[in-house]
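*Asks:* Okay, sequence plus prediction incoming.
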Amino acid sequence: GFKMGIVGLPNVGKSTLFNALTKTAAAQAANFPFCTIEPNVGEVAVPDTRLDTLADIAKSKQIIPARMTFVDIAGLVKGASRGEGLGNQFLANIRECDAIAHVLRCFEDDDVTHVDGRVDPVADADTIETELMLADLESVEKRIAGLSRKVRGGDKEAVQQERLLKQARAALEDGRPARTVEVAEDDAKAWRMLQLLTAKPILFVCNVSEAEAATGNAHSDAVADMAAKQGAGTVVISAQIEEEIAQLDADEAREFLEELGLEQAGLDRLIQAGYQLLGLQTYFTVGPKEARAWTIPNGTTAPKAAGVIHGDFERGFIRAETTAYDDYVSLGGEAGAKDAGKMRVEGKSYVVKDGDVMHFLFNA
Ligand code: GDP
């Protein structure tokens, strides 16, 4: 599954948000028991009303949503990368994430201490980014040094890695995160394998007060401006509202959100923003036994999509019976879609579309 790391300075609301998100998911996805893997790792069901609609039509016994993992990564403070350096566990935690949700304090509250004594989310973002860049720079230097023998020996992979590391170093020395480096298609995989902290896609999560959840405030506007300049995403959330929602059942939560002028809970918006950030989409498998959502990157071909279910599906892929979500719903399910000629038979080169209902045929 995809993994989102939650980072931020102390006292910005990370834990509040993490706890609320995971509790809300537990309360609202009765079919998918939320599981806490470790105290700071939670798996949540990806909310998608299309899945319920499909399950209704097919009378599926079970509904299995896609999943996303959140990791609460505490321990980032100013100067963290100096001295002892960022802890290994801490770095490993971030490295393993596909994307970073950076929580920024956008609420004023004299009772909650700010580590730097003032509310300034843009400066806070800079503080954290600086620590991550310093950590990256250190690891890049080490790795360049470690590669030198192999590079001299003409090892092709090492040469590629060194070239990419040097590009990263140039950006970092210039005070820019590694994600600003433009990477050629051929280098994309090797680049990802470097697992640089500041190369990860980032989403700024503005934690505002309850009253400002629907509108945002001057602080979150400033963050949105900064994010737009870096090509990053922004989500405005009130961690306190999320905490309250976590105590409610699905109907009560909907009413509460309406009262606040919100269309969706923060969890939904955060996950949606995460999907967008990571270029992810969903396809479905639907039958009487279960209706299930699967997550794939945009542009995934049918065999690769099948491989998300099981490696054998990809290796033995023959074809995929495919029905667009809208057709499946308007024609009342698989049989109706087939009669209307809307169930297509697609081959190996088919690029799966968001919402496709797929049925894979494969050689075992
Ligand atoms: P962390 O250190 O980033 O994990 O921060 P916490 O989640 O522990 O929150 C720090 C303090 O800020 C706690 O006392 C929270 O109750 C409080 N807090 C979190 N979000 C909000 C908010 O939106 N408004 C206000 N007023 N307080 C908040």
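*Replies:* Now that the structure is in, tell me what you want to look at.

*Asks:* what's the helix or strand containing Asp225 packed up against?
*Replies:* Assigned by DSSP states H and E, Asp225 falls within helix 218-230. Packed against helix 218-230, as judged by 3 or more CB pairs under 8 Å, 6 or more residues apart in numbering; DSSP states H and E, are the following elements: helix 121-152, strand 202-207, strand 233-237. Placement of C-beta: from N, CA and C, glycine included.

*Asks:* strand partners of the last one, parallel vs antiparallel please.
*Replies:* Based on DSSP bridges, the pairing partners of strand 233-237 within the sheet are strand 202-207 (parallel).

*Asks:* before we move on, the earlier item: tell me which of the helices and strands packed on helix 218-230 sits most buried.
*Replies:* strand 202-207 (a mean of 26; mean count of other CB atoms under 10 Å).

*Asks:* Show me what that one is in contact with.
*Replies:* Strand 202-207 has contacts (CB atoms under 8 Å, 6 or more residues apart in numbering) with 4, 6, 8, 12-13, 17, 99-107, 121, 125, 179, 216, 219-220, 223-224, 226-227, 230, 232-239, 270, 273-274, 277.

*Asks:* Mind doing that once more with 6 Å?
*Replies:* With contacts defined as CB atoms under 6 Å, 6 or more residues apart in numbering, strand 202-207 is touched by 13, 100-107, 220, 223, 227, 232-237, 239, 273, 277.

*Asks:* near the ligand at all, it?
*Replies:* Yes: applying CB under 6 Å from any ligand atom, one finds that strand 202-207 is in contact with the ligand at Asn207.

*Asks:* Export that strand to CSV, keeping only CA atoms.
*Replies:* Included here for strand 202-207 are C-alpha records, laid out as CSV according to Å, rounded to 0.1, in the frame of the first residue of the first chain:
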residue,chain,number,x,y,z
ILE,A,202,5.0,16.9,-0.2
LEU,A,203,1.6,18.0,0.9
PHE,A,204,1.3,20.9,3.3
VAL,A,205,-1.5,20.4,5.9
CYS,A,206,-2.6,23.6,7.4
ASN,A,207,-4.0,23.0,10.9
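
*Asks:* So for that strand, mean pLDDT?
*Replies:* Averaging the model's pLDDT scores along strand 202-207 yields 95.

*Asks:* nearest residue to Glu173 other than its sequence neighbours?
*Replies:* Nearest residue to Glu173, sequence neighbours excluded (CB to CB, 6 or more residues apart in numbering): Leu137, at 7.1 Å.

*Asks:* Oh, that last question was meant for Lys166, not what I typed.
*Replies:* Here the residue nearest Lys166, using CB to CB, 6+ apart, is Ile144, at 6.8 Å.

*Asks:* before we move on, back to that, what does the helix holding Asp225 rub up against?
*Replies:* Outside helix 218-230, the residues that reach it (CB under 6 Å, 6+ apart) are Leu104, Cys106, Pro121, Val122, Phe204, Cys206, Val208, Thr234, Val236.

*Asks:* Tell me the one among those nearest to the ligand.
*Replies:* For the ligand, the nearest member of the contacts of helix 218-230 is Val208. The distance, counting by CB to the nearest ligand atom, is 6.5 Å.

*Asks:* neighbours around the closest one, how many?
*Replies:* 26 (other CB atoms under 10 Å).

*Asks:* still on that earlier bit, wait, the residue nearest to Lys166 touches Leu165, no?
*Replies:* Yes: in this structure, Ile144 is within contact of Leu165 by CB atoms under 6 Å, at 5.1 Å.

*Asks:* what is the orientation angle of the helix holding Asp225 with helix 121-152?
*Replies:* Helix 218-230 runs at 30 degrees relative to helix 121-152, counting by axes from the mean of the first three to the mean of the last three CA atoms, to 10 degrees.

*Asks:* Distance from the chain centre to helix 218-230, please.
*Replies:* The gap between where helix 218-230 is centred and where its chain is centred comes out at 20 Å by CA atoms, centre = their mean, to the nearest Å.

*Asks:* near the ligand, which residues of the stretch 151-300 of the chain?
*Replies:* By the rule CB under 6 Å from any ligand atom, the part of the stretch 151-300 of the chain lying against the ligand is Asn207, Ser209, Ser238, Ala239, Gln240.

*Asks:* Could you rerun that using 8 Å?
*Replies:* Counting by CB under 8 Å from any ligand atom, the residues of the stretch 151-300 of the chain lying close to the ligand are Asn207, Val208, Ser209, Glu210, Ser238, Ala239, Gln240, Ile241, Glu243.

*Asks:* ok, which pair from these is furthest apart?
*Replies:* When CB to CB is used, the two most widely separated members of those are Val208 and Glu243, lying 13.7 Å apart.

*Asks:* Just the CA coordinates for stretch 215-224, please, in CSV.
*Replies:* Listed next in CSV are the C-alpha coordinates belonging to stretch 215-224 (Å, rounded to 0.1, in the frame of the first residue of the first chain):
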residue,chain,number,x,y,z
THR,A,215,-12.5,29.2,5.0
GLY,A,216,-8.9,28.9,6.0
ASN,A,217,-7.1,32.0,7.3
ALA,A,218,-4.3,34.4,6.5
HIS,A,219,-1.7,31.8,7.6
SER,A,220,-3.1,29.0,5.4
ASP,A,221,-3.4,31.4,2.5
ALA,A,222,0.3,32.2,2.9
VAL,A,223,1.1,28.5,2.9
ALA,A,224,-1.0,27.9,-0.2
